[in-house]
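Trainee: sequence and computational prediction follow.
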Amino acid sequence: MLNLYIEKLRSSLRADFGSASVEFVILAIPLFLPIFIYLIQFAELSNSEINARSLVRQVVRAYVATDSIEDAQYRANLVLNYGGERLGFRGPEIASMRLTFTCSANPCLTPGARVRGTLTLDAPNSHRTVQVSAQEYVSPWQ
């Protein structure tokens, strides 16, 4: 009797051989696919934010390195367009960027004044808004 039970157990174990890997694949694809999609979108959003942070830093540096407000605005827009292209932003993304400056002094380029630039853009493919800022001080020897 015991031998018959052992033989049935062996035959049932042989019949299930390899089914765990099939079950894993059947369950893993629906469970892991949304995780992969989320991670890809998170990486794209993080990349947009890192590039935007670098861009606004360079824009503010160009802004405070000038003598007049008109020249500062011109240089800031020039760096925004040129730097945006170099960092991988496409034309419509650059056109949708909103750049604002706030200053701690009036007039803005007073020596020693703090200038904060804020860049707002709509991240591609994610329907999210990225807002980054950077600040620089106007040289006291200007």
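Mentor: Sure, I can see it.

Trainee: how many neighbours does residue 89 have?
Mentor: By other C-beta atoms under 10 Å, 22 other residues sit near residue 89. Backbone N, C-alpha and C define where each C-beta goes, glycine included.

Trainee: how about residue 68: what's its closest non-neighbour residue?
Mentor: residue 109 (7.4 Å; C-beta to C-beta, 6 or more residues apart in numbering).

Trainee: residues touching the one you found, list them.
Mentor: Contact analysis of residue 109 by C-beta atoms under 8 Å, 6 or more residues apart in numbering lists 64, 66-69, 72, 103, 115, 138, 142.

Trainee: what's the neighbour count on residue 39?
Mentor: Residues near residue 39, counting by other C-beta under 10 Å, number 10.

Trainee: mind checking the SS state of it?
Mentor: What DSSP: H, G, I helix; E, B strand; the rest coil gives for residue 39 is helix.

Trainee: so it versus residue 32, what's the distance?
Mentor: Distance from residue 39 to residue 32, counting by C-beta to C-beta, to the nearest Å: 10 Å.

Trainee: what's the answer for residue 114, then?
Mentor: Per C-beta to C-beta, residue 114 is found 48 Å from residue 32.

Trainee: kindly report the same for residue 127.
Mentor: 24 Å.
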